[in-house]
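Student: Make a model of this:
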Amino acid sequence: MYLSKAEEYIALILCLGLIIGFGWNTYQEIQDLKAEQIQRRNEKRANEAKIKILIAYFKAKKSSSIRSPKPRAF
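Tutor: The predicted structure follows:
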């Protein structure tokens, strides 16, 4: 069974449409993955900054408690 010229063109257009669709879908998935990685990196940096602030706070609190100990009640 052979296809006519019109049927061949229709089949070719459908194949090209499928290839373009798969390519576009892959492109969108890559862009979503990049956005997720950027978001994770930004969250990690924010968490690291918070941890540094907490470490500095605890060091300051520890050094201030060493310098002026509280009197103990007996």
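Student: how far away is Gln37 from Lys44?
Tutor: As judged by Cβ to Cβ, to the nearest Å, Gln37 and Lys44 stand 10 Å apart. C-betas here are computed from N, CA, C, even on glycine.
Student: Same check on Gly21?
Tutor: The spacing between Gly21 and Lys44, counted by Cβ to Cβ, is 35 Å.
Student: Which pLDDT value belongs to Gln28?
Tutor: Model confidence at Gln28, given as pLDDT, is 98.
Student: where does the protein have low pLDDT?
Tutor: 65-74 (pLDDT under 70).
Student: And the helices in it?
Tutor: Using DSSP state H, the helices of the chain run over 5-67.
Student: what's the neighbour count on Arg40?
Tutor: When neighbours are counted by other Cβ atoms under 10 Å, Arg40 registers 10.
Student: and Ile53, how far is that from Ala60?
Tutor: Taken as Cβ to Cβ, the span from Ile53 to Ala60 is 11 Å.
Student: Oh, that last question was meant for Leu14, not what I typed.
Tutor: 69 Å.
Student: ok, now Ile30?
Tutor: Distance from Ile30 to Ala60, counting by Cβ to Cβ: 45 Å.
Student: cool, and Ala11?
Tutor: Taking Cβ to Cβ as the measure, Ala11 falls 74 Å from Ala60.
Student: now Gly21
Tutor: 59 Å.
Student: swap in Ile10?
Tutor: From Ile10 to Ala60 the distance is 75 Å (Cβ to Cβ).
Student: neighbours of Glu16, just the number please.
Tutor: Actually, residue 16 is Leu rather than Glu. Residues contacting Leu16 under the criterion other Cβ under 10 Å number 10.
Student: likewise Gln37?
Tutor: Gln37, neighbours per other Cβ under 10 Å, totals 10.
Student: got it, and Asp32?
Tutor: Asp32 sits with 10 neighbouring residues when counted by other Cβ under 10 Å.
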